[in-house]
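okay, sequence plus prediction incoming.
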Amino acid sequence: MDVVCATQTAHVAPPSGEGLPITVIDGSFWRADDPVVVAYPSLFTTDVRYNLHSSEPLDDAPVEQATAAPGEKRTTRRGGA
């Protein structure tokens, strides 16, 4: 069985459109084929390191590069008319 981990806490409408809101709790694990996961995939991750507890730092955790490397050109889009 494949599982995913919630990346945030949220109250979402039931995928069926009927019934009470469903609470997704940050760090909770869900079946990957659950209707809530299928309807709201942005709330979940398959990255097993998310919400993983360890007594030692995880050196292989993904790190986003915030600035351009020397010689690298990045394009940006600015809002406006």
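Ah, there it is. Numbering: from 1, shown residues only.

can you list the low-confidence ranges for the chain?
Along the chain, segments meeting pLDDT under 70 span 58-63, 79-81.

now the strands for the chain?
Applying DSSP state E to the chain gives strands spanning 3-6, 10-12, 22-24, 29-31, 44-45.

of those, which is nearest Ser55?
Nearest to Ser55, of all these, is strand 3-6, at 19.7 Å by CB to CB. Any C-beta I mention is one placed from the backbone N, CA and C, and that applies to glycine too.

give me the residues contacting the closest one.
Residues outside strand 3-6 that contact it (CB atoms under 8 Å, 6 or more residues apart in numbering) are 24-32, 37, 43-48, 50-51.

and these, which of them are buried?
Buried members of the contacts of strand 3-6, scored by 16 or more other CB atoms under 10 Å, are Val24, Trp30, Val37, Leu43, Phe44.

Serialize the residues you listed to JSON lines and add fields for distance to Pro70.
Converted to JSON lines, the buried ones among the contacts of strand 3-6 look like this (distance: CB to CB, whole Å):
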{"residue": "Val24", "distance to Pro70": "42"}
{"residue": "Trp30", "distance to Pro70": "42"}
{"residue": "Val37", "distance to Pro70": "41"}
{"residue": "Leu43", "distance to Pro70": "37"}
{"residue": "Phe44", "distance to Pro70": "36"}
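
returning to that earlier point: need the strands of the chain in a markdown table with distance to Arg77, can you?
Putting these into a markdown table (distance: least, CB to CB, whole Å) gives the following:
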| stretch | distance to Arg77 |
| --- | --- |
| strand 3-6 | 30 |
| strand 10-12 | 27 |
| strand 22-24 | 31 |
| strand 29-31 | 34 |
| strand 44-45 | 26 |
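
how about these, which one is nearest Glu64?
Nearest to Glu64, of these and by CB to CB, is strand 44-45 at 14.5 Å.
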